[in-house]
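Enquirer: Everything below, folded, please.
(one chain, ligands or ions: 1)
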Amino acid sequence: MAARVNTITLLSSLHCKPTRFNPRQQYYRSRSRVLFGSQPLSSLGNGAYRCKCSSNGAAEMESFVITTPLYYVNAPPHMGSAYTTIAADAIARFQRLLGKRVIFVTGTDEHGEKIAAAASARGSNPMEHCNLISRAYQNLWNELDISYDKFIRTTEAKHEAIVKQFYSRVLTKGDIYRADYEGLYCINCEEYKDEKDLLENNCCPMHLKPCVQRMEDNYFFALSKYQKLLEETIAQNPDFVQPPFRLNEVQSWIKDGLKDFSISRASVEWGIPVPNDEKQTIYVWFDALLGYISALLEDNEQPDLSKAISFGWPASLHLIGKDILRFHAVYWPAMLMSAGLSLPMRVFGHGFLTKDGMKMGKSLGNTLEPNELVETFGVDAVRYFFLREVEFGNDGDYSEDRFINIVNAHLANTVGNLLNRTLGLLRKNCQSTLAVDSYVAAHENPFPETVEKLVSKAQAHYENLSLSSACEAVLEIGNAGNSYMDERAPWSLFKKGDTAAEAASKDLVIILETMRIIAVALSPVAPSLCWRIYEQLGYSRDQYDAVTWNDTKWGGLKGGQVMAQPKPVFARIESKVEEKVA
Ligand SMILES: Nc1ncnc2c1ncn2[C@@H]1O[C@H](COP(=O)(O)OP(=O)(O)OP(=O)(O)O)[C@@H](O)[C@H]1O
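Expert: Modelled structure (predicted):
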């Protein structure tokens, strides 16, 4: 079968590696025999496809498709929703720097009982309500410098068409049947619960609200049929669920036994009608997960499932919170197997931002407002703090004092101050002009090697989604630059005659080259700040936008390049309480 259409070709063979057999897809194909659509290129294990070399030796661009959850529009976004999206954005930006063809999908999940209830509580109709809240998400993503490529709303006509086609495939496969169901239902999770998983008074452990007894005549998806296949697939692809401790959780759910689940609601009007039974609507999760596929359609395309698949499925990475792991790592793969489609390559379930130990969430109302944080502290501080402070995968609590201390110490002092004082010295002693190429300035100096080692460390951490460690490695470059500056003390060398002054002007080039490398390596996390650094180094916006990870190599700055007038790139945040941050 032909490789997926990747139209852009790279001139360099940098990203061209030999294609490799992908055991997961082969495994699945051999059992289902119904896999269709174009085959992805083989997995690199990190969620990217291997590229294919064309006959002239040029390399087709690798693809990297990353998704956030489609956020539920029962209430406006909060810092928890922003957290996943900021992390996805940093990963997407890093993969773009590597030269991949990235499709970054986000959007809003707009159907279901909770939405209808939220709309009526506001005295609005569901569609108006969805328009308003979906717009709030898009506005917030703009505020937060989120570089998404696709924003899908599950109320879009193309999405509805894809859901119906998918439903029909699963029906044809014989995996949908009709039955009565009675059980305890959590309206906030929009899910029937097992009594054993509930707290006292049948309260949902996530939302702390009692579940209600419900009986319905529904359509069911035969999840139990896929138990063995799921078990085997996951055993053969342990990287499918990450971090590893979440894989154990998923494996134990499957081992406990999978029960068929109801995929329609008779009592919910606000949803996509079940094909051939207009009295029922499709269960919100069976609908929303398909958004990852319908998002891939071009706006002017006929909504066709096979076509959507050919535009980028399977996703390289679903980034989600741990609350929706079961849907993504159990239900969704089984649904895809039933429809004869490839599984996503990786599902990463990160931890929760908590407030007083409880998950911050819309239903509990204990949220932190990202808009306010951005307004008060700026977008770079918000992005940097949450990615640096919370070990990606674990939970993390927010404290304003910690926030201020971290961003002041790292962004204002280590990075901003070093740049500012170096540019100040350059202006005073060298008319803001670099004396020599950075390559020449560092001749026989071991410093570039220190920087390059830290860059490699940062790269490895970005690739493993260890975003906090990636930030740490980049900050270590800043620390190394500060130590170099203090040891060399160029301000005093400039006073010691020509030879010492020549050495001092080379030292300034070395520090500024270090700043340039920091700006590239930190750009996935704090893109606006890094642009300001680049601008201070005398580059244009177009030059910044064309940067790749290759630009982390030593040797970018050239002799004669004129730096901008020194201007702080990150304003220190004033606070009443300030502690020393290690
Ligand atoms: N406290 C949080 N910490 C980290 N991520 C969160 C948090 N809250 C929400 N998210 C992100 O949003 C996803 C859930 O989206 P959803 O729109 O259901 O938000 P929610 O606030 O969790 O809603 P609810 O409180 O009604 O369950 C999570 O899987 C995660 O990606």
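Enquirer: how many neighbours does the one residue in the stretch 101-250 of the chain that gets nearest to the ligand have?
Expert: For the stretch 101-250 of the chain and the ligand, the shortest gap (Cβ to the nearest ligand atom) falls at N188, measuring 5.4 Å. Where C-beta positions appear, they are placed from N, C-alpha and C, glycine not excepted. Other residues near N188 come to 19 when the count uses other Cβ atoms under 10 Å.
Enquirer: do K453 as well
Expert: 14.
Enquirer: Then A87?
Expert: 23.
Enquirer: Kindly report the same for T155.
Expert: Look at T155: counted by other Cβ under 10 Å, it has 21 neighbours.
Enquirer: from memory it sits against I133, does it?
Expert: No. Using Cβ atoms under 8 Å, T155 makes no contact with I133, being 11.3 Å away.
Enquirer: Hmm, L184 and E191 touching each other?
Expert: No. Under the criterion of Cβ under 8 Å, E191 makes no contact with L184, lying 9.9 Å away.
Enquirer: What helix or strand is D401 located in?
Expert: helix 400-407 (DSSP states H and E).
Enquirer: Which positions within the helix or strand following that helix qualify as buried?
Expert: Remark: after helix 400-407, the chain's next helix or strand is helix 418-430, criterion DSSP H and E. By 16 or more other Cβ atoms under 10 Å, the buried positions in helix 418-430 come out as 418-423, 425-426, 429-430.
Enquirer: same check, this time on stretch 563-575
Expert: Under the neighbour-count criterion of 16+ other Cβ under 10 Å, stretch 563-575 has 563, 566, 569-570, 572-573 buried.
Enquirer: Quick one: mean pLDDT for it?
Expert: The average pLDDT within stretch 563-575 is 93.
Enquirer: For that stretch, what is the distance to the chain centroid?
Expert: Here the centre of stretch 563-575 is set off from its chain's centre by 28 Å, with Cα atoms, centre = their mean, to the nearest Å.
Enquirer: just stretch 297-312 next, same as before
Expert: How far stretch 297-312 lies from its chain's middle: 23 Å, per Cα atoms, centre = their mean.
Enquirer: Closest to the centroid, which residue in this protein?
Expert: Computing the C-alpha centroid of the chain and ranking residues by Cα atoms, centre = their mean puts A88 first, at 1.0 Å.
Enquirer: List the contacts of it.
Expert: 66-68, 104, 106, 319 (Cβ atoms under 8 Å, 6 or more residues apart in numbering).
Enquirer: ranges for the strands of the stretch 351-500 of the chain?
Expert: For the stretch 351-500 of the chain, applying DSSP state E, counting those that start in this stretch gives strands covering 353-355, 358-359, 396-397.
Enquirer: what does the chain put close to the ligand?
Expert: Residues of the chain lying near the ligand by Cβ under 6 Å from any ligand atom: 69, 71-72, 74, 80-81, 83-84, 188, 320-321, 323-324, 352-353, 359-363.
Enquirer: rewinding a little: I'd like the buried residues of helix 418-430 laid out as JSON lines, including distance to L508 and pLDDT.
Expert: As requested, the buried residues of helix 418-430 are exported to JSON lines (distance: Cβ to Cβ, whole Å; pLDDT from 0 to 100):
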{"residue": "L418", "distance to L508": "11", "pLDDT": "98"}
{"residue": "L419", "distance to L508": "11", "pLDDT": "98"}
{"residue": "N420", "distance to L508": "13", "pLDDT": "98"}
{"residue": "R421", "distance to L508": "10", "pLDDT": "97"}
{"residue": "T422", "distance to L508": "6", "pLDDT": "98"}
{"residue": "L423", "distance to L508": "9", "pLDDT": "98"}
{"residue": "L425", "distance to L508": "6", "pLDDT": "98"}
{"residue": "L426", "distance to L508": "5", "pLDDT": "98"}
{"residue": "N429", "distance to L508": "8", "pLDDT": "97"}
{"residue": "C430", "distance to L508": "7", "pLDDT": "97"}
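Enquirer: State which one residue of the stretch 401-550 of the chain is found closest to the ligand.
Expert: For the stretch 401-550 of the chain, the residue closest to the ligand is L467, as judged by Cβ to the nearest ligand atom, at 13.5 Å.
Enquirer: Name the nearest residue to W285, sequence neighbours excluded.
Expert: F327 (5.5 Å; Cβ to Cβ, 6 or more residues apart in numbering).
Enquirer: Distance check, R388 against T85.
Expert: Distance from R388 to T85, counting by Cβ to Cβ, to the nearest Å: 17 Å.
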